[in-house]
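*Asks:* sequence plus predicted model, see below.
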Amino acid sequence: MRTPDSGAPAGADERADTLFGDPPATAEAAEALQERWAPLVRQEPLDLAGVSLVAGLDVAYSPGDDRLAAAAVVLAAPDWTVVETATAVSRPRFPYVPGLFAFREAPALLEAVAGLRAEPDVWVCDGFGLAHPRRFGLACHIGLALDRPVLGVGKTPFIGRAEPPAAARGSWSELVDGGEVVGRCLRTRDGVKPVYVSVGHRVDLASATELVLRLAPRYRLPEPVRQADRRCRERLAAA
DNA sequence: GCGACAG
DNA sequence: ATCTTGTCGC
């Protein structure tokens, strides 16, 4: 068993414990972990022609009790039909703190992911990746945990500034924070409020943008996120 | 110091 | 996130 203070550098098993479960005791500790992990995020092009399975992740909270349900769905190209769904119900083990979102939702999400048989080519999270105060949002957290390509799609701005994109679907503008481009503000439907795309891990902004556009042929939100949202709510209603 | 603040 | 009805528009 791992000792709390062996003096060793961030070991892989030590990372795994907190990336997958065991939430840190304090907000300060959580922030320190994000700063430690942020340098491990990689940005690289994703071959969209080779993408046949895309996963979507989302969480829903119970109105009455403190339960939460996470859903992991898998959709197949080219029409993005849902081919598999896995869910998990649990309790939040970390309070909601803007910027520390992943410590609250990632454990349940990864539990749902563990129930999946398929091996998606890329994963889409409801939230941000590099567009984060410490450049380590939920999509990065999930990306390192799975060591797979992951991108984040946010519905409302969090950090950074972006000019409103042109009204046509496909238009986008840079999301800039501290002089850095941390994501894109992307219009997925003509004249409809844009979404915010950012890199989670092992994808680049251009690939992420193009993929989100293809995943959202009809609705504002990409299909994987829409479906995941639907499934976790159903799971909560069911039991 | 003050306000803002993913889901 | 969640509490909440109808309503305007394509």
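*Replies:* Arrived safely.
*Asks:* for the rest of this, base every contact and every neighbour count on C-alpha atoms.
*Replies:* OK.
*Asks:* how far does stretch A:84-99 sit from its chain's centre?
*Replies:* Relative to the centre of its chain, stretch A:84-99 is centred 12 Å away, using CA atoms, centre = their mean, to the nearest Å.
*Asks:* please read the previous query as pertaining to stretch A:35-45.
*Replies:* 14 Å.
*Asks:* now swap in stretch A:131-143 and tell me
*Replies:* With CA atoms, centre = their mean, you get 8 Å for stretch A:131-143.
*Asks:* next to DNA strand C, which bits of chain A? Give me the list.
*Replies:* Applying CA under 7 Å from any atom of the strand, one finds that chain A approaches DNA strand C through A:59-63, A:233.
*Asks:* low-confidence bits of chain A, can you list those?
*Replies:* A:1-11 (pLDDT under 70).
*Asks:* strands of that one, start to end?
*Replies:* Assignment of strands within chain A using DSSP state E yields the ranges A:53-61, A:68-76, A:81-90, A:122-126, A:150-154, A:172-177, A:180-186, A:195-201.
*Asks:* for residue A:20, list the residues it contacts.
*Replies:* Going by CA atoms under 8 Å, 6 or more residues apart in numbering, residue A:20 touches A:106-107, A:110, A:145.
*Asks:* pull the most distant pair out of these.
*Replies:* A:107 and A:145 (10.2 Å; CA to CA).
*Asks:* shared neighbours, those two?
*Replies:* Taking CA under 8 Å, 6+ apart as the contact rule, residue A:107 and residue A:145 both touch A:19-20.
*Asks:* and those two? Which one has more around it.
*Replies:* Comparing residue A:107 with residue A:145 by neighbour count (other CA atoms under 10 Å), the higher total belongs to residue A:107, at 24 against 18.
*Asks:* I figured the more buried one was touching residue A:21, is that so?
*Replies:* Yes - here residue A:107 reaches residue A:21: they are 5.0 Å apart, a contact under CA atoms under 8 Å.
*Asks:* scan chain A for its longest helix.
*Replies:* Of all segments of type helix in chain A, defined using DSSP state H, the longest is helix A:223-238.
*Asks:* chain center to that helix, what's the gap?
*Replies:* The answer for helix A:223-238 is 15 Å, by CA atoms, centre = their mean.
*Asks:* repeat that for stretch A:170-179.
*Replies:* Relative to the centre of its chain, stretch A:170-179 is centred 18 Å away, using CA atoms, centre = their mean.
*Asks:* ok, now stretch A:165-185?
*Replies:* Chain-centre distance of stretch A:165-185: 18 Å, with CA atoms, centre = their mean.
*Asks:* contacts for it, please.
*Replies:* By CA under 8 Å, 6+ apart, stretch A:165-185 touches A:130-132, A:135, A:159-164, A:186-192, A:194-199, A:205, A:209, A:213.
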